[in-house]
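In: Sequence and predicted model, in that order:
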Amino acid sequence: MLELKNVSFSADGKEILKNINLVIEDEKFVVMTGPNGGGKSTLAKIIAGIQKPVSGQILLDGQDITDWSITKRANSGISFAFQQPVRFKGVTVKDLITLASGKALSTAAACEYLSEVGLCAKDYIDREINGSLSGGELKRIEIATVMARKTKLTLFDEPEAGIDLWSFKNLIDVFEKMHGEIKGSILIISHQERILDIADQVVVISGGEVSKVGTKEEVLPGLFGVDLGCKYFKGVSYHVE
Amino acid sequence: MLSDIIKNLLAEVAGIQNIPTAGAFNIRSNGKSAGRNSTETIQIIPKEDGSGIDIIVKPGTKNESVHIPALVTETDLHDVVYNDFHIGEGADVTIVAGCGIHNCGSGISQHDGIHRFFVGKNAKIKYIEKHIGEGDGDGQNIINPQTHIIAEENSYVEMDTVQLKGVDSTKRISSAKLAEGATVVIKEKIMTHGSQYAETSFDVDLDGAGSSAKLISRSVARDNSRQLFRSKLSGNNACYGHSECDAIIMDQGIVAAEPEIIANNVDASLIHEAAIGKIAGEQLTKLMTLGLTEKEAEAQIINGFLK
């Protein structure tokens, strides 16, 4: 269980997060949504240890991890799929999936993760994670990488962004399968209604605060009263075949 | 009988443990031949003036290799060798060269290997060159290789050159002249430490129509080491040339890149890309989110970059 207690964050004199209190229960599928600039990505980075809160506490299974490094948190069961995946010259897809899994992986085993995200494994497994890959390909490799970690808490920052050539339904399937198999908690930052549809819990972050928490049915009607920006509405109108 | 030091160097630079029992090879140790063998298709002939060897590959020779490592284990030794490769038409061979220095003294151990390649029509070669230096002495290890390539019509030359440790100073000079349809691909990987200095110079003339060249240099400069990368691509016909210099700087390392591309023909297409900088913070962060420490992440990034 992850618990945030009065977490606040400021940068350049601007208050980004204000006294965030939030609990992510074990095995829950939680979607964090809200307007752009509301502090969602910052909150995910704070959970992963990439940003340090100016005040407040983060507890993982009751243990205070507020001062833990990124590495220690990762090794304690937190994974983070970046919104904008990082490129590495010379590091191959197989290298990254192997590092993520934390053990030597056969090519066949690494390929399975790629197949899960709709990439033809033999075409990608030895590719370098460099500028020759499109944003959508990088995004799917990023998802495959965190899948390989099989941790008790996985954070996804807008996983749907850039998933251009792949069916959106497949992305949903990946999350559902991952949730079922790993039995961990998943926290996804998303604007997409299809992802909100499968959430156990929806958290709305707006203006640096938790403005609402509940089931989709409880939260969604109120969402339209919040200025979510065009991204959200685009998501709502997204038609899945 | 080879000493353990020589055997270790051989393994490092040429991937062989001892004097081979078959195949074409020439092992040069402290300026003298320590073993040589020719085959029916690859002849190795010492030059009359003793300055080096001629390696003659018969036309049409396929899937064969030749090893010509040079080793220096004496201090205060300056070894200079001139080796010429004559690759017959339509041959397809792998050449493994390279130099290893083990200097336990206080003098300079230096090897200058000047290699010329005359690559016949439709021939294909892969040239692998690895340079290392080691030894407990405070004497300098210096390796100054030169590679000069004449590539005839539709020939293909791939050169992989690696220097990752122990060479205090190096000046690496490579040139190529390409005829119609010829291709040269040069991949260089360098890492410098301490106060080492590495200088690379490529000079490629794309003379023939349809010729192409690709120069890829990846380097890491650590501690107080310095590197200079120079490349000159001259497009003298309808051709394609691409040079790329990527460098990671760490600590107080310094890297300079001086690329030059000259289009002497309106149909010449030439590109140069250069990027020098420290390891991106987001790369370290990403690998740390996978459970690596910062040091492990740094090592992983460098290993991948120079792989």
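Out: Okay, I see it.
In: drop to CA atoms for contacts and neighbour counts, all remaining ones
Out: OK.
In: does A:K139 count as helix, strand or coil?
Out: When classified by DSSP: H, G, I helix; E, B strand; the rest coil, A:K139 comes out as helix.
In: ok, it to B:N63 distance?
Out: Going from A:K139 to B:N63 by CA to CA, to the nearest Å gives 41 Å.
In: Settle it for me: which of those two has more neighbours?
Out: A:K139 (26 against 10; other CA atoms under 10 Å in any protein chain shown).
In: Could you find the closest non-adjacent residue to B:T39?
Out: B:A24 (5.6 Å; CA to CA, 6 or more residues apart in numbering or on different chains).
In: and the gap between that neighbour and B:T94?
Out: 11 Å.
In: can you check B:A22 too?
Out: The value you get for B:A22 to B:T94, if CA to CA is used, is 15 Å.
In: Please say which of those two ends up with more neighbours.
Out: Set side by side, B:A22 and B:T94 show more neighbours around B:T94, with 18 against 9, by other CA under 10 Å.
In: Doesn't that one belong to a helix?
Out: No: per three-state DSSP, B:T94 lies outside any helix segment and is strand.
In: Name the residues linked to it by a beta bridge.
Out: Beta bridges link B:T94 to B:S65, B:K126 when assigned by DSSP bridges.
In: Could you pull up the residues touching it?
Out: Residues near B:T94 by CA atoms under 8 Å, 6 or more residues apart in numbering or on different chains: B:N63, B:E64, B:S65, B:V66, B:I125, B:K126, B:Y127, B:I128.
In: make it 10 Å
Out: For B:T94, the contact set (CA atoms under 10 Å, 6 or more residues apart in numbering or on different chains) comprises B:62-67, B:124-128, B:158-159.
In: of the residues you listed, buried ones?
Out: With neighbours counted by 16 or more other CA atoms under 10 Å in any protein chain shown, those contain buried members at B:K62, B:E64, B:S65, B:V66, B:H67, B:K124, B:I125, B:K126, B:Y127, B:I128, B:E158, B:M159.
In: Pretty sure the last one sits against B:K189.
Out: No: in this structure, B:M159 sits apart from B:K189 without contact. The criterion is CA atoms under 10 Å, and the distance is 11.2 Å.
In: element containing the residue nearest the centre of chain A, please.
Out: With distances taken as CA atoms, centre = their mean, A:F156 lies nearest the centre of chain A, 0.7 Å away. Element membership of A:F156, judged by DSSP states H and E, is strand A:153-157.
In: who does that strand touch, helix- and strand-wise?
Out: Here strand A:153-157 touches strand A:29-33, helix A:40-48, strand A:78-81, helix A:135-149, helix A:168-182, strand A:185-189, going by 3 or more CA pairs under 10 Å, 6 or more residues apart in numbering or on different chains; DSSP states H and E.
In: if you average pLDDT over each of these, which comes out lowest?
Out: Note on these: lowest mean pLDDT is at helix A:168-182, with a mean of 85.
In: Name whatever forms a beta bridge with the residue nearest to B:T39.
Out: With DSSP bridges as the criterion, B:A24 is bridged to B:V66.
In: Next one, pLDDT for it please.
Out: Looking at B:A24, its pLDDT is 95.
In: Make sure it is actually in contact with B:R36.
Out: Yes: contact criterion CA under 10 Å: B:A24 and B:R36 qualify, at 7.4 Å.
In: who in chain A is up against chain B?
Out: A:48-50, A:69-82, A:85-92, A:95-102, A:128, A:145-146, A:148-149 (CA under 10 Å from any CA of the partner chain).
In: hmm, which of those are the buried ones?
Out: A:48-50, A:69-75, A:77-82, A:85-92, A:95-101, A:128, A:145-146, A:148-149.
In: Can you identify each of the helices in the stretch 1-150 of chain B by residue range?
Out: For the stretch 1-150 of chain B, applying DSSP state H, counting those that start in this stretch gives helices covering B:4-14.
In: and A:G62, how many neighbours?
Out: Residues near A:G62, counting by other CA under 10 Å: 10.
In: Please name the residues that touch it.
Out: So A:G62 contacts A:M1, A:L2, A:E3 (CA under 10 Å, 6+ apart).
In: who wins for neighbours among the residues you listed?
Out: A:L2 (22 neighbours).
In: Give me the nearest residue to it, chain neighbours excluded.
Out: Nearest residue to A:L2 in three dimensions, chain neighbours excluded: A:L60, at 4.7 Å (CA to CA, 6+ apart).
In: beta partners of the residue of the stretch 51-200 of chain B at minimum distance from chain A?
Out: Nearest residue of the stretch 51-200 of chain B to chain A: B:K189, at 11.8 Å (CA to the nearest CA). Taking DSSP bridges as the rule, B:K189 bridges to B:V162, B:R218.
In: And for the one 10 residues further on?
Out: The partner list for B:E199 in beta bridges (DSSP bridges) reads B:K171, B:L228.
In: Repeat that for A:D64.
Out: Beta-bridge partners, per DSSP bridges, of A:D64: A:L59.
In: so how many other residues sit close to it?
Out: A:D64: 14 neighbours (other CA under 10 Å).
In: pretty sure it is touching A:Q57, no?
Out: Yes: assessed by CA under 10 Å, A:D64 is found in contact with A:Q57 at 6.8 Å.
In: which residues sit in contact with residue 127?
Out: This is for chain A. Counted by CA under 10 Å, 6+ apart, A:R127 has contacts A:G90, A:V91, A:T92, A:V93, A:K94, A:D95, A:L133.
In: Switch to chain B, please.
Out: Contacts of B:Y127 (CA under 10 Å, 6+ apart): B:65-66, B:93-98, B:157-161, B:186.
In: If we use 6 Å, what do you get?
Out: B:T94, B:I95, B:V96, B:M159 (CA atoms under 6 Å, 6 or more residues apart in numbering or on different chains).
In: what's the pLDDT at the closest residue to A:C111 other than its chain neighbours?
Out: Counting by CA to CA, 6+ apart, A:C111 lies nearest to A:A121, which is 5.0 Å off, once chain neighbours are set aside. Note for A:A121: predicted pLDDT of 85.
In: what residues are up against A:A121?
Out: By CA under 6 Å, 6+ apart, the neighbours of A:A121 are A:C111, A:L114, A:S115.
In: Can you say which helix or strand has the last one in it?
Out: Yep, that's A:S115 we're talking about. Here A:S115 is assigned to helix A:107-116, by DSSP H and E.
In: Measure how that helix sits relative to helix A:168-182, angle-wise.
Out: 130 degrees (axes from the mean of the first three to the mean of the last three CA atoms, to 10 degrees).
In: so where's the chain shaky on pLDDT?
Out: Using chain A here. A:164-166, A:222-241 (pLDDT under 70).
In: meant chain B, my bad for not saying
Out: Low-confidence segments of chain B, defined by pLDDT under 70: B:1.
In: Distance to B:G105 added to the buried ones among the contacts of B:T94, as JSON lines?
Out: Below are these laid out as JSON lines (distance: CA to CA, whole Å):
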{"residue": "B:K62", "distance to B:G105": "43"}
{"residue": "B:E64", "distance to B:G105": "38"}
{"residue": "B:S65", "distance to B:G105": "34"}
{"residue": "B:V66", "distance to B:G105": "32"}
{"residue": "B:H67", "distance to B:G105": "28"}
{"residue": "B:K124", "distance to B:G105": "41"}
{"residue": "B:I125", "distance to B:G105": "37"}
{"residue": "B:K126", "distance to B:G105": "35"}
{"residue": "B:Y127", "distance to B:G105": "31"}
{"residue": "B:I128", "distance to B:G105": "29"}
{"residue": "B:E158", "distance to B:G105": "36"}
{"residue": "B:M159", "distance to B:G105": "32"}
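In: which among the residues you listed gets closest to A:A11?
Out: For those, the closest approach to A:A11 (CA to CA) belongs to B:M159, at 50.0 Å.
In: which other helices and strands contact the stretch of helix or strand that closest one belongs to?
Out: Secondary structure assignment for B:M159, by DSSP H and E: strand B:156-165. The contact analysis (3 or more CA pairs under 6 Å, 6 or more residues apart in numbering or on different chains; DSSP states H and E) places strand B:156-165 against strand B:124-134, strand B:183-192.
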